[in-house]
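Asker: structure, please.
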Amino acid sequence: MQLILLFLSTIDTDIKGGAFEYFLEKTTFKETIYDPFCGTGGFLTEAFNYIKKNNIINTDEDLEKLIFNTLYGRELTKIARIAKMNMILHGDGHSGIQQINSLENPNDVLNP
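Answerer: Sure, this is the predicted structure:
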C-alpha cells in the first residue's frame, strides 16, 4: 500500500482522484491499542481522537471496530470509572476498560 501511495503522490490530483479513492476504500482498520495503566483514559481518548481526526476510519465497519474492538485499558483503582466516563464522552463507549490488575494476567487483554 505504501508504494501505491508514493506513486500516486506524483500524479496530478484531478487524474488520481478516482484511483486514490478506490485504493483508500480497500484499506481496513487493523490496529489494537492497549494501555495497561490507563488511569483516567487520557492516552486512549487521545488515540481515539487521533484516529477519527486523521480519517483513518473509512467505513461504518471500521468505526464499529474502533469503538468495540480496538481500545483497551486496565486500571487497578476505581479511577477506571473515570476512564470509562471519559471514553463515553469522547464517543468510544467503554467496553475496553477494566478495573483489574494488569500485571496478574497480562496475556488475556483481548479476552476480558
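
Asker: residues of stretch 53-69 that come out buried?
Answerer: If you call a residue buried by 16 or more other Cβ atoms under 10 Å, then stretch 53-69 has these buried ones: 57, 62, 65, 66, 67. Just so you know, the C-beta spots here come from the backbone N, C-alpha and C atoms, and that holds for glycine as well.

Asker: could you do stretch 42-50 as well?
Answerer: Buried positions in stretch 42-50, judged by neighbour count with 16+ other Cβ under 10 Å: 43, 44, 45, 47, 48.

Asker: list of residues touching that stretch?
Answerer: The set of residues external to stretch 42-50 that reach it, using Cβ atoms under 8 Å, 6 or more residues apart in numbering, is 33, 35, 38, 66, 71, 73, 83, 86-87, 90-92, 96-97.

Asker: now it: average pLDDT?
Answerer: For stretch 42-50, mean pLDDT is 90.

Asker: could I have that stretch exported to CSV, CA atoms only?
Answerer: This file holds the C-alpha atoms of stretch 42-50, laid out as CSV (Å, rounded to 0.1, in the frame of the first residue of the first chain):
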residue,chain,number,x,y,z
GLY,A,42,-6.2,10.2,28.6
PHE,A,43,-3.9,8.2,26.3
LEU,A,44,-6.8,6.1,25.0
THR,A,45,-9.1,9.1,24.3
GLU,A,46,-6.2,10.9,22.5
ALA,A,47,-5.6,7.8,20.4
PHE,A,48,-9.3,7.6,19.6
ASN,A,49,-9.5,11.3,18.7
TYR,A,50,-6.3,11.0,16.5
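
Asker: burial count for the closest residue in space to residue 103 that isn't next to it in sequence?
Answerer: In space, and not counting its chain neighbours, residue 103 is closest to residue 36: 7.8 Å by Cβ to Cβ, 6 or more residues apart in numbering. When neighbours are defined as other Cβ atoms under 10 Å, residue 36 has 14 of them.

Asker: related to what we said a few turns ago, which among the contacts of stretch 42-50 count as buried?
Answerer: Neighbour-count burial (16+ other Cβ under 10 Å) is assigned, among the contacts of stretch 42-50, to 33, 35, 38, 66, 71, 73, 83, 86-87, 90, 92, 96-97.

Asker: which single one of those is nearest to residue 53?
Answerer: Nearest to residue 53 among the buried ones among the contacts of stretch 42-50, counting by Cβ to Cβ, is residue 90 at 11.4 Å.

Asker: if anything else comes up later, I'll come back, but that's it for now.
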